[in-house]
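Trainee: Fold the following for me, if possible:
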Amino acid sequence: MIVMMALNGCARPSQFIGLSLPISGALLRRIDLVILDVALYRVPVRGGAQLVSDWSDTARGNLTHAIVEHFGRADGVVFKELDTSTSEAREESERTKSVLAGITLDRISPDASGGQVECVPGPIPAIAGASAADALLLLYATDRRLTAGYRALLGTVVVFTLPILGLMFVSGGPLTVLGVATGGRSKEPIKKPTLADVSGVALCLVDRATGAVLWFDFTPVGTRNLTDAGDADDLIRQSYSDFRRAARIHDESATPRPGHD
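Mentor: Predicted coordinates:
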């Protein structure tokens, strides 16, 4: 849980740009939104994350409205939510959700090399067949809200932990304070945190026909509350600004410079 909280507080917006692919211009005149999952959890003192359906439904509505509002504002672009209610499309959506949820944070960090992000498990004929768009915008969002009791407990832990941390620095480290004998490094592999482990909103624009990633963006929720329409709009506004910046970078890289072929 402490790891999850640290990641939620430290994660930065990250994006991947498919510079060789048309993320802007006349080739993208229609985009369909595919909502893979919007899940909000309550984290009580006793531990464990409890899915709250009412919160999730409200957040889903807020995010959908904000996405349509911002991404649909471009002149000449038709933007709408895609109906994926058929059994085949639902199955593909679940598999696609698993792929997005399993993306590790090190693959989308600012230091990661491009081309490492995959948003779909392979061909998605049911979803692609239900759409006539040029591209699909996939939405995956999670958030964990600490209860008042949990926040109070964390405050108490911090108060009592600070003196111990000071003693660690004076006495030579945490193992000395705790009286733990040093030994060899654990051979157990460290599990890399994924998007499913943190609170944030992932948007992935893929080519409808091929599934190739055109643009990927992950924005941490931070102190925002996705059940608040204003907070959801603020987050999506930031994502849309990232998208426009990515489109501008693409356009500049695709435009021949004077004296160059």
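Trainee: for the one helix or strand Gly61 maps to, which positions count as buried?
Mentor: Assigned by DSSP states H and E, Gly61 belongs to helix 53-71. Under the neighbour-count criterion of 16 or more other C-beta atoms under 10 Å, helix 53-71 has 55-56, 58-60, 62-64, 66-67, 70-71 buried. The C-beta positions use only the backbone N, C-alpha and C, and glycine is treated the same way.
Trainee: residues in contact with it?
Mentor: 31, 33, 35, 38-40, 42, 77, 79-81, 137, 139, 141, 143, 145, 201, 203, 226-229, 231-233, 235-237, 239-240, 243 (C-beta atoms under 8 Å, 6 or more residues apart in numbering).
Trainee: need the next SSE after it, C-terminal direction.
Mentor: Taking DSSP H and E, what comes next after helix 53-71 is strand 78-81.
Trainee: Relative to Val120, how far out is the nearest residue to Ile103 once chain neighbours are set aside?
Mentor: Closest residue to Ile103 apart from its sequence neighbours, by C-beta to C-beta, 6 or more residues apart in numbering: Leu195 at 5.1 Å. Using C-beta to C-beta, to the nearest Å, Leu195 is found at 15 Å from Val120.
Trainee: Check which helices and strands whatever helix or strand Ala247 lives in sits against.
Mentor: Assessed by DSSP H and E, Ala247 sits inside helix 229-254. Using 3 or more C-beta pairs under 8 Å, 6 or more residues apart in numbering; DSSP states H and E as the contact criterion, the elements in contact with helix 229-254 are strand 14-17, helix 53-71, strand 200-207, strand 213-220.
Trainee: So for Ala128, which of the ones you listed sits nearest?
Mentor: Closest to Ala128 of the helices and strands packed on helix 229-254 is strand 200-207 (C-beta to C-beta; 9.4 Å).
Trainee: CA-only coordinates of the closest one, as PDB, when you get a sec.
Mentor: Output of strand 200-207 as PDB, limited to C-alpha atoms (Å, rounded to 0.1, in the frame of the first residue of the first chain):
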ATOM      1  CA  GLY A 200      -4.400   7.500 -13.200                       C
ATOM      2  CA  VAL A 201      -6.000   7.900 -16.600                       C
ATOM      3  CA  ALA A 202      -4.500   6.200 -19.600                       C
ATOM      4  CA  LEU A 203      -5.500   7.200 -23.100                       C
ATOM      5  CA  CYS A 204      -4.200   5.300 -26.100                       C
ATOM      6  CA  LEU A 205      -5.000   6.200 -29.700                       C
ATOM      7  CA  VAL A 206      -4.600   3.300 -32.000                       C
ATOM      8  CA  ASP A 207      -5.100   2.800 -35.700                       C
END
